[in-house]
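Asks: Let me see the structure of the following:
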Amino acid sequence: MREKLIRNAYESLLAMTAVLLCWGTVLWLEGAAGLHTDVLVLAVALTLTLFSTQRTAPPRRRLAALVLLPATAAGAQLLGRLIMHHYALGAAVYTAGISLCIWIRRYGPAASKAGTLLTLPFVALLVVPGPALPSEAESGLVSWFWSAVVGVLACLSVWLVQGLGDRYGPWRPEPERVAPRRASRLRPRPSTRMALQMAAGVAAAFVCGRLFFDGHWPWAVLTAYVAASGNRGRTDVLRKGIERFAGAAVGTLLATGVAAVGVTGHAAVAVMFAVLAVALWLRPLNYGYWAAGMTTALSLLLGYFGQDAVSLLPTRLAAIALGAGLSVAAAWWLLPVQRRRPQELAPRRGRESEDTAGRPL
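Replies: The predicted model follows:
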């Protein structure tokens, strides 16, 4: 356990170095081009989520990321504007897009990796406050062009830090293990089931989130996505939903304590990065640590944007509970994905195999 904690600390240090590098570059770009502050949030979100997917990626997949991530980031920004002005249509497009990224897993490991990469801007869209801001604030938001530029900078920052770490650091990344693809007896296929479950959970979160939480609907949608991603069965979705809610509850207490101390401005930004670093360090042990860290960091972010984060925390907890409940309900009652029994793990000839595993963001 001690060796694992040290290794996790090293990986989190590399990840946060890439995040700070991209954030510093975009901070300079924000001042030079007169951009809105949300471009910094986009840089942190993309770099943070991209780091793990590129850790052991071969050159071919890295080049694919350099094309797909900026293009999807630009498209996600346009989608955010669509949600602002036409909520129902934008929610439908978002739901279809995030589900399609799961459905294409049926076409093999390369398609699975591409689908994971394409989801990153969709997730970042829920973290960046653009879609939840009033329409009059639209003119100050980052454009699709600058979103694509941030996507390129995120890729370059991640590759530079990972390359230097692999060359001069004490550890090399462990080779990526590709599990043998087994035949699935489920019909519809697991990828189809997971895509439909994701669509049902996210669509319900969009409807209920807007109905009960107005402009704070992204919290419910984000939780619905996180709980359902990498669906390995009913209990897996239930476990992740409980861990996310428990982590958010702990994060609520942490954020309340930070607010009581009176941390604001640049100090709040420094604390936010420190919290993210600790959450990354402990995330491999349990997802609840990551949920707690993200809740605290997002609360500090809301305070930086001038919102009363402490008063909004009960609303956040309620939205997270709703999103987790919707995702669990979809996984349990809509074409559930069952874990294979040992006798079903032998490969079968003449049947297309499919991997149901995934890595939640």
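
Asks: Which elements pack onto the helix or strand encompassing Val44?
Replies: Assigned by DSSP states H and E, Val44 belongs to helix 38-53. Helices and strands touching helix 38-53, as assessed by 3 or more CB pairs under 8 Å, 6 or more residues apart in numbering; DSSP states H and E, comprise helix 2-33, helix 59-85, helix 109-127, helix 144-168. (C-beta placed from N, C-alpha, C; glycine too.)

Asks: got the angle between the longest one and helix 38-53?
Replies: Put simply, helix 2-33 runs at 150 degrees to helix 38-53, going by axes from the mean of the first three to the mean of the last three CA atoms, to 10 degrees.

Asks: Buried residues in helix 2-33, which are they?
Replies: 8, 11-23, 25-27, 29-30 (16 or more other CB atoms under 10 Å).

Asks: Please apply the same query to stretch 77-87.
Replies: 77, 79-84.

Asks: ok, back up a step: comparing the helices and strands packed on helix 38-53 by mean pLDDT, which bottoms out?
Replies: Of all those, mean pLDDT reaches its minimum on helix 109-127 (a mean of 85).

Asks: so that helix versus helix 144-168, what angle?
Replies: 120 degrees.

Asks: starting at the chain centroid, how far to helix 109-127?
Replies: 8 Å (CA atoms, centre = their mean, to the nearest Å).

Asks: Counting by contacts, list what it packs against.
Replies: Partner elements for helix 109-127 (3+ CB pairs under 8 Å, 6+ apart): helix 38-53, helix 59-85, helix 87-103, helix 217-228.

Asks: of all these, which lies closest to Lys113?
Replies: helix 59-85 (6.0 Å; CB to CB).

Asks: Touching, Val152 and Ala65? I think so.
Replies: No - using CB atoms under 8 Å, Val152 and Ala65 do not qualify as a contacting pair, with a distance of 10.1 Å.

Asks: so what does the helix or strand in which Ala205 is found touch, helix or strand wise?
Replies: In the assignment (DSSP H and E), Ala205 maps to helix 190-213. Applying 3+ CB pairs under 8 Å, 6+ apart, one finds that helix 190-213 contacts helix 87-103, helix 217-228, helix 309-333.

Asks: Take the ones you listed and write them to JSON lines, including distance to Arg172 and mean pLDDT.
Replies: Shown next, in JSON lines, are those (distance: least, CB to CB, whole Å; pLDDT from 0 to 100):
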{"stretch": "helix 87-103", "distance to Arg172": "30", "mean pLDDT": "94"}
{"stretch": "helix 217-228", "distance to Arg172": "30", "mean pLDDT": "88"}
{"stretch": "helix 309-333", "distance to Arg172": "36", "mean pLDDT": "85"}
